[in-house]
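K.L.:
sequence and predicted model, in that order:
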Amino acid sequence: MSYIAVIGAGSWGTTLASLLAEKKYDVTLWAFEKDLVNEINNTGTNSFYLPGHTLPPELKATDNMEEALRNSRYILNVVPTQFTRSVFKEAAKYIPGDAVIVTASKGIEQGTLLTVSSILKEITGRTAAVLSGPSFAKEVIQRSPTAVTLATEKNFDNLLLQEIFNTSYFRVYTHTDIIGVELGGALKNVIAIASGICDGLDLGHSARAALITRGLAEIMRLGNVMGADPRTFSGLSGLGDLVLTCTGPLSRNYTVGINLGKGMQLNDIISSTKSVAEGVATALSAFELAKKHDVEMPIVEQVYKVLYRDKDPKTAVMMLMNRALKSEF
């Protein structure tokens with residue numbers, strides 16, 4: 001069977017590696033932490049990111065990048081966006097020439113304002129496929145029904161990749177709009193922080209519904225000027241992922257927003273969680289992208305100001321509600 005290297009052993013990376021190993025692919029999971037590698041190999045668990053779950057006995061882990069990549073036919077990146085560049089600068093020298101790269105990380109790099117596939121292309125010289133959509137690791141590892149999108153270049157044979165990832169509980173659809181799928185997956189995390197703030201302030205379901213809807217409008221506006229297919233944002237990696245992340249209690253970004261709404265400080269919130277909330281870093285990148293492309297994104301702007309300018313969440317909400325009146329479309 002195909003040899004697959006999964007780079008990044010957080011909750012999502014470990015879940016996808018487990019899914020692939022259960023399908024009897026030869027999978028190696030790369031982790032930065034030596035202790036985590038030893039735990040996975042010796043006990044078949046990842047108690048730090050997926051406590052209470054037993055991993056397939058076929059799954060093996062390593063902290064040696066060359067060992068993970070030297071025979072790989074497929075490489076799956078699940079490293080948090082802001083660390084993807086540094087990890088793959090090291091990985092690039094070991095990637096086989098015919099290996100296919102897929103990324104399942106969602107975010108926009110600070111400074112460069114690049115999506116993850118663009119970072120990988122800059123480093124490796126090849127276009128990565130993108131796996132995205134409404135999916136919580138803890139639900140997928142429990143085999144709860146989930147549907148996602150796999151975006152590839154138009155001239156790429158995506159049917160094989162679709163078959164590799166698809167299972168009876170993890171349904172994979174194909175797409176060719178890489179930039180649209182990535183923007184939907186990245187920007188929904190920023191809107192999810194805003195949604196959490198709404199609930200943290202106890203503003204009600206009507207407020208949250210309005211915010212999700214207007215958040216989607218902002219994502220579509222930016223996507224339009226960046227060349228995305230508008231239909232993408234009505235799909236799994238757009239509306240689907242947005243709704244899940246803005247309402248699901250398992251969402252790290254939504255939880256960050258709730259705690260902000262309740263008055264907690266951002267540094268305290270970040271230090272109290274094990275996993276990375278990608279929306280915190282992406283909020284800065286999204287704000288700068290909006291300025292770069294001259295796109296109006298008022299929700300993104302207010303989330304940015306709450307996170308990076310210490311703006312009071314209640315004041316941010318009032319700023320949104322008291323903007324100049326306009327037509328919806």
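P.N.:
Received it, and whenever you're ready, just let me know what you need. Predicted, not measured: the structure shown is a model, and the values here were computed from it.

K.L.:
give me the domain ranges for this structure.
P.N.:
Domain assignment for the chain by automatic domain parsing gives 3-177, 179-321.

K.L.:
taking the centroid of the chain, which residue is nearest it?
P.N.:
Most central in the chain under C-alpha atoms, centre = their mean is residue 106, positioned 2.6 Å from the mean C-alpha point.

K.L.:
let me know the secondary structure of that residue.
P.N.:
coil (DSSP: H, G, I helix; E, B strand; the rest coil).

K.L.:
look up how far residue 297 lies from it.
P.N.:
From residue 106 across to residue 297, the span is 17 Å (C-beta to C-beta, to the nearest Å). All C-beta spots, glycine's among them, are computed from the backbone N, C-alpha and C.

K.L.:
same check on residue 33?
P.N.:
From residue 33 to residue 297 the distance is 36 Å (C-beta to C-beta).

K.L.:
tell me which of these two has more neighbours.
P.N.:
residue 297 (25 against 12; other C-beta atoms under 10 Å).

K.L.:
spit out the contact partners of that one.
P.N.:
Taking C-beta atoms under 8 Å, 6 or more residues apart in numbering, we find residue 297 in contact with 218, 221-222, 286-287, 290.

K.L.:
pull out the buried positions in the worst-scoring helix or strand of the chain on mean pLDDT.
P.N.:
Lowest mean confidence among the helices and strands of the chain (mean pLDDT, DSSP states H and E): helix 266-271, at a mean of 90. Neighbour-count burial for helix 266-271, counted by 16 or more other C-beta atoms under 10 Å, picks out 266, 269.

K.L.:
for the following helix or strand past that helix, the distance to its chain's centre please.
P.N.:
Downstream of helix 266-271, the first helix or strand assigned by DSSP states H and E is helix 278-292. Its chain's C-alpha centre and that of helix 278-292 lie 14 Å apart, by C-alpha atoms, centre = their mean, to the nearest Å.

K.L.:
so what touches helix 278-292?
P.N.:
Identification of contacts with helix 278-292 by C-beta under 8 Å, 6+ apart yields 80-82, 105-110, 113, 186-187, 189-190, 192-193, 222, 226, 252-253, 256, 266, 270, 295-297, 300-301, 303-304, 307-308.

K.L.:
where do the strands sit along the stretch 151-300 of the chain?
P.N.:
For the stretch 151-300 of the chain, strands defined by DSSP state E, counting those that start in this stretch occupy the ranges 170-175.

K.L.:
residue ranges with poor pLDDT in it?
P.N.:
Within the stretch 151-300 of the chain, no stretch has pLDDT under 70.

K.L.:
do you have the helices of it handy? List them.
P.N.:
Assigned by DSSP state H, counting those that start in this stretch, the helices in the stretch 151-300 of the chain fall at 158-165, 178-200, 205-225, 241-247, 252-261, 266-271, 278-292, 298-308.
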